[in-house]
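In: got a structure for you, letters missing:
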């Protein structure tokens, strides 16, 4: 019987992993995002799908550690000075949004016929946004480090802080809550503050020596175990003291953010974080109770629509009142319109003290879960419906009858270095770039840069390409560089064109487009680096210089062959580190593939 039980447990683990492995990449590939994939997979394998699991709440409780570890990694990126600089967003923006939404969403409960206290608890639970979903969406959109992403993170941090007084308030409002004495409430607050102080002291004085001692042992698995110990221990300390587990992990991350072990900790925690966070979303998908939704579908539908719409409108209104631009306000409202995992905790506490009955708790839980499922779809709709952001060019000057001895298109990190010797020699440069923000910033460093797209013939004419002694293409976009080269050679065939190439293939394409000179952007720096490596390992300086010059000659010969025969024509001149047998095997496989491709083409022909 024990063997059968173990086999069943193992089968459930395999089902969980298989569901996540199949659903997340599939949904991400079709543009629906990995979060929605996990939620859908959870519904399929849960009690109302194939029935592989009967108790999704048990999985959610374990998988909440994924949210905890996510907050720890976020904390690692937040140095105390950076967190202090966010204090206005956390306690200003965060507090205003939470309080406004609490008031507005309480009104929805009253409108649906509930009394004041249940309406307040229901609305307050929906105010607490899903940290897991929003963080995952920010990460997938590469917005974590942007200003708008930082503001959202600040609001989420305040919501994590708010769960503690909200739980105290629920206990007070519930039946028997009046029996809690002032001394007991003050004691619980004191315990929470003491736990925070203890964690700060431990992080400040103990964690770095602790990791330094473990690192000296050289055992990698011990460092991984220690990283998990710090995260889970901090979370446990906060939970026991009545605070949020996620808040404890976040504080631990912040305290270690300036540690020399920060990157090692992040690398150790990241795999666990990813797996457990995916497991959390699978658990949420399983927890959808279709019988409750079917029995109360009208109430659930009205609740989802009302709560999400009103919350989104209130978030948008708060953002606009505080001076946030319309585009960012809409994006924030869409991302944060759902309820979150902390609502489950709040509703359970409210049910325990008699504020919510079992049916109301089930309906509100279903409302939260459906709102979480709808969020990825709303984000996709937002991205497709919202027009692309156009650069603000009102205060920028377009080129018009500009005269310069040299026209440079693209004034980024490459072009800026190129410009210095030319300016030192006294040449006048006409600079054109299509990054509006960069054009503004360049003026602060003494550069006059015109805004414009160098792939448009009228911009080239206005920028003085016809009278320039040379046109320099320094953009970092491969396709754009080729287009610019073709247009310049067509419109101004007598003007020399020199271009920055991304790699070897791009250099060949630029030559075909007619440029007079090209250089791979990393060519010279890589050669200088290689020469320094030779001297660093003990080679004579003269020998190192000779080896570099020999490589230059071989590379010129190889490039000449590639100009005629393509990028593979000069491969015999490459020095590789593979054994001769490996080279022969690779060549044989390639020739076989080419032969099969020719035969297939002949059959189709």
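Out: Now that the structure is in, tell me what you want to look at. Only a predicted model underlies this, so the values are computations on that prediction, with no experimental measurement involved.

In: use CA for all of it now, contacts and neighbours both
Out: Fine.

In: for the stretch 101-250 of the chain, what spans make up the helices?
Out: Along the stretch 101-250 of the chain, counting by DSSP state H, counting those that start in this stretch, helices occupy 116-127, 131-140, 147-173, 182-205, 207-215, 220-240, 245-255.

In: of those helices, which approaches residue 388 most closely?
Out: helix 147-173 (16.6 Å; CA to CA).

In: now the angle between helix 182-205 and the closest one, please.
Out: Going by axes from the mean of the first three to the mean of the last three CA atoms, to 10 degrees, helix 147-173 is angled at 150 degrees with respect to helix 182-205.

In: Sketch out the low-pLDDT regions of the stretch 351-500 of the chain for me.
Out: Scanning the stretch 351-500 of the chain for pLDDT under 70 picks out the ranges 389-398, 400-401.

In: Now do the strands in it.
Out: Counting by DSSP state E, counting those that start in this stretch, the stretch 351-500 of the chain has strands at residues 406-409, 429-433, 449-451, 470-473, 497-501.

In: quick revisit: what's the closest of the helices of the stretch 101-250 of the chain to residue 482?
Out: Among the helices of the stretch 101-250 of the chain, helix 131-140 sits nearest to residue 482 (CA to CA), with 30.8 Å.

In: How far does the closest one sit from its chain's centre?
Out: On the basis of CA atoms, centre = their mean, to the nearest Å, helix 131-140 sits 8 Å off its chain's mean C-alpha point.

In: before we move on, the earlier item: nearest to residue 49, out of the strands of the stretch 351-500 of the chain?
Out: Between residue 49 and the strands of the stretch 351-500 of the chain, the shortest gap by CA to CA is with strand 497-501, which sits at 54.3 Å.

In: Can you name every helix or strand that the helix or strand that that closest one is followed by contacts?
Out: Going down the chain from strand 497-501, the next helix or strand is helix 504-513, by DSSP states H and E. When contacts are defined as 3 or more CA pairs under 8 Å, 6 or more residues apart in numbering; DSSP states H and E, helix 504-513 sits against helix 478-491, strand 497-501, strand 517-520.

In: Next SSE downstream of the last one?
Out: In this case it means strand 517-520. Using DSSP H and E, the helix or strand that follows strand 517-520 towards the C-terminus is helix 523-536.

In: Tell me how far the very next helix or strand once past that next one lies from the chain's centre.
Out: Downstream of helix 523-536, the first helix or strand assigned by DSSP H and E is helix 541-565. Averaging C-alpha positions (CA atoms, centre = their mean) puts helix 541-565 41 Å from its chain's average.

In: what's the answer for stretch 232-245, then?
Out: 27 Å.

In: Rounded mean pLDDT for it, please.
Out: For stretch 232-245, mean pLDDT rounds to 75.

In: before we move on, back to that, would you reformat the strands of the stretch 351-500 of the chain as TSV and include distance to residue 188 and mean neighbour count?
Out: Output for the strands of the stretch 351-500 of the chain, formatted as TSV (distance: least, CA to CA, whole Å; neighbours: other CA atoms under 10 Å):
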stretch	distance to residue 188	mean neighbour count
strand 406-409	65	26
strand 429-433	60	22
strand 449-451	60	24
strand 470-473	66	23
strand 497-501	65	24
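
In: Tell me which of those sits nearest to residue 76.
Out: Of all those, strand 429-433 sits nearest to residue 76, with 36.1 Å by CA to CA.

In: which helices and strands sit right next to the closest one?
Out: Where contact means 3+ CA pairs under 8 Å, 6+ apart, strand 429-433 is packed against strand 406-409, strand 449-451.

In: what residues does that strand touch?
Out: Residues outside strand 429-433 that contact it (CA atoms under 8 Å, 6 or more residues apart in numbering): 399, 402-411, 419, 423, 439, 448-454, 463-464.

In: switch to 6 Å and redo it
Out: With CA atoms under 6 Å, 6 or more residues apart in numbering as the test, strand 429-433 has contacts from 404, 406-410, 449-452.

In: just how off-centre is it within its chain?
Out: 34 Å.

In: could the strands of the stretch 351-500 of the chain go into a markdown table alongside distance to residue 190?
Out: Converted to a markdown table, the strands of the stretch 351-500 of the chain look like this (distance: least, CA to CA, whole Å):
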| stretch | distance to residue 190 |
| --- | --- |
| strand 406-409 | 63 |
| strand 429-433 | 58 |
| strand 449-451 | 59 |
| strand 470-473 | 65 |
| strand 497-501 | 63 |
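
In: out of these, which comes closest to residue 72?
Out: Taking CA to CA, strand 429-433 is the member of the strands of the stretch 351-500 of the chain nearest to residue 72, at 40.1 Å.

In: pLDDT-wise, which helix or strand of this structure ranks last?
Out: helix 580-604 (a mean of 62; mean pLDDT, DSSP states H and E).

In: Return the distance of residue 88 relative to residue 292.
Out: As judged by CA to CA, to the nearest Å, residue 88 and residue 292 stand 42 Å apart.

In: just residue 354 next, same as before
Out: Distance of residue 354 to residue 292, computed by CA to CA: 20 Å.

In: Show me what counts as buried in stretch 348-361.
Out: Neighbour-count burial for stretch 348-361, counted by 16 or more other CA atoms under 10 Å, picks out 348-356, 360-361.

In: Can you list which of the residues you listed are found in helices?
Out: 348-352, 360-361 (DSSP state H).

In: Please produce JSON lines containing these, extended by distance to residue 335.
Out: Shown next, in JSON lines, are these (distance: CA to CA, whole Å):
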{"residue": "348", "distance to residue 335": "25"}
{"residue": "349", "distance to residue 335": "26"}
{"residue": "350", "distance to residue 335": "27"}
{"residue": "351", "distance to residue 335": "28"}
{"residue": "352", "distance to residue 335": "31"}
{"residue": "360", "distance to residue 335": "26"}
{"residue": "361", "distance to residue 335": "24"}
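
In: Tell me the one of these nearest residue 161?
Out: Using CA to CA, those come closest to residue 161 at residue 349, 16.9 Å.

In: Could you check the pLDDT of that closest one?
Out: According to the prediction, residue 349 has pLDDT 72.

In: do residue 191 as well
Out: pLDDT at residue 191 comes out at 76.

In: for it, what are its contacts?
Out: Contacts of residue 191 by CA under 6 Å, 6+ apart are residue 241.

In: For it, give its distance to residue 253.
Out: The gap separating residue 191 from residue 253 is 21 Å, by CA to CA.

In: Contact partners for residue 475?
Out: By CA under 6 Å, 6+ apart, the contact set of residue 475 is residue 410.

In: Got the phi and psi for it?
Out: When read as degrees, to the nearest 10, the backbone of residue 475 gives phi -70, psi 160.

In: Kindly report the same for residue 405.
Out: Dihedral angles for residue 405 - degrees, to the nearest 10 - are phi -70, psi -20.

In: Could you do residue 463 as well?
Out: Per degrees, to the nearest 10, the backbone of residue 463 is at phi -80, psi 0.

In: I'd like the numbering to begin with 40 instead of 1 from here.
Out: Yes, from this point I'll number from 40; that puts the last item at residue 502.

In: tally of neighbours for it?
Out: Residue 502 has 27 neighbouring residues, counting by other CA atoms under 10 Å.

In: hang on, it packs against residue 438?
Out: Yes - between residue 502 and residue 438 there is a contact under CA atoms under 6 Å: 5.2 Å.

In: Okay, buried residues for stretch 188-204 please.
Out: Residues of stretch 188-204 classed as buried by neighbour count (16+ other CA under 10 Å): 188-203.

In: What of stretch 126-134?
Out: Buried, per 16+ other CA under 10 Å, within stretch 126-134: 128-129, 132-134.

In: between those residues, which is nearest residue 248?
Out: If you rank the buried residues of stretch 126-134 by distance to residue 248 using CA to CA, residue 129 comes first, at 31.1 Å.

In: which residue is nearest the centroid of the protein?
Out: Nearest to the geometric centre of the chain sits residue 178, at 2.1 Å (CA atoms, centre = their mean).

In: so how far is residue 369 from that one?
Out: With distances taken as CA to CA, residue 178 is found 18 Å from residue 369.

In: cool, residue 377 as well?
Out: Separation of residue 377 from residue 369 (CA to CA): 14 Å.
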